[in-house]
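Participant: Quick one: sequence plus predicted model below, questions after.
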Amino acid sequence: MSVESVSAEGFARESLAVLQDITASAHSEVAGAAELIADCVRADGVIQAFGTGHSQAMVLEVAGRAGGLVPTNRLQIADLVLYGGDAPSVLDDPLLEREPGVAGRLYDLAGPHAQDLFVIISNSGVNNVIVEMALRAKEHGHRVLGITSLTHTRAVPAGHPSGKKLVDIADVVLDNRAPRGDALLELPGGGAVCALSTLTGVMLVQMAVAEASRLLLESGDRPPVYVSANVPGGFEGNLELEKRYAGRIRRTAS
């Protein structure tokens, strides 16, 4: 890649090309993801979204945002402190996501129901806590939707003792089309700049939510969707929708 390509215009051009590829070729995988989401909502389930690092940006797209589905939870490693009673200092460990047993504790703290769907997001799909969470969910009969980079995950070894990656466990996989290492624009002499997975991950999440909403409407089920709390009546309307899931989504906890 030339020096001229490392620019705002270069990133816009390259990233838009990937987004166009997603919109043109991701129909089957998005349809599969939408089926999982719609089935979960119809079954009165909650979508449990989990990711670490910058994958938490996609977790925020799934869980608790305006225009998004109400029955959603954001799971994160910080839950060890927020709900598990651990000292905040445990979060200082930069390798905590590789420690065995962490995902099991996070799962137990979430207290999911059998009909809940797990959406697990990881660009590499190989970190221990990611694979452990996917395995734990499957062991308890949950469906798993994985969002990952197939290019990246195929280029790196598994990090979990099972030898499995997120892509090996998930019922449906959304490929964010990010390159190995995530950064899109190659620098002269090595390295790269400008991560792609957040941009494409958001596109895939919103496409899946849109398609799931269509499926729900076609079956006569109105999607339970958040309205912005910053429009008149939005906050009050959201409280009414949340009552259906009281005690199961953390935003309703007292």
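Facilitator: Nice, thanks for sending it over.

Participant: Can you list the low-confidence ranges for this structure?
Facilitator: For the chain, residues meeting the criterion pLDDT under 70 lie at 1-4, 253-254.

Participant: Run a quick check on Val202 versus Val59, I expect a contact.
Facilitator: No: the pair Val202 / Val59 is not scored as a contact, 11.2 Å apart, by CB atoms under 8 Å. In short, each C-beta sits where N, CA and C put it, glycine included.

Participant: of these two, who's got more company?
Facilitator: Neighbours were counted for Val202 and for Val59 using other CB atoms under 10 Å; Val59 has more, 25 against 16.

Participant: so what's the more buried one up against?
Facilitator: Val59 is in contact with 49-51, 74-76, 119, 121, counting by CB atoms under 8 Å, 6 or more residues apart in numbering.

Participant: Next up, phi/psi of it, please.
Facilitator: Per-residue torsions, Val59: phi -60, psi -40 (degrees, to the nearest 10).

Participant: Same question for Gln206.
Facilitator: The phi and psi torsions at Gln206 (degrees, to the nearest 10) take the values phi -70, psi -30.

Participant: Find the nearest non-adjacent residue to Glu211, please.
Facilitator: The spatially closest residue to Glu211, leaving aside those adjacent along the chain, is Ala34, at 3.5 Å (CB to CB, 6 or more residues apart in numbering).

Participant: Show me where the chain has its helices.
Facilitator: In the chain, the helices defined using DSSP state H lie at 8-25, 27-42, 56-62, 79-82, 102-110, 128-139, 150-155, 166-169, 197-218, 234-242.

Participant: that older thread, now the two most distant members of the contacts of Val59.
Facilitator: The span of the contacts of Val59, defined through CB to CB, is set by Gln76 and Val119 at 13.1 Å.

Participant: ok, Ala24 to Gln115 distance?
Facilitator: Going from Ala24 to Gln115 by CB to CB, to the nearest Å gives 33 Å.

Participant: Look at the two and report which has more neighbours.
Facilitator: Ranked by neighbour count (other CB under 10 Å), Ala24 and Gln115 place Gln115 first, with 16 against 8.

Participant: can you pull the contacts of that one?
Facilitator: 40, 43-45.

Participant: Just the closest of those to Pro188, please.
Facilitator: Closest approach to Pro188 among those (CB to CB): Cys40, at 47.0 Å.

Participant: Now do the contacts for the residue lying closest to the closest one once chain neighbours are set aside.
Facilitator: The shortest distance from Cys40 to any non-neighbouring residue, by CB to CB, 6+ apart, is to Leu117 (3.9 Å). Contacts for Leu117 (CB under 8 Å, 6+ apart) come out as 36-37, 39-40, 45-48, 142-145.

Participant: same thing but 6 Å
Facilitator: For Leu117, the contacting residues are 36, 40, 45, 47, 143, by CB atoms under 6 Å, 6 or more residues apart in numbering.
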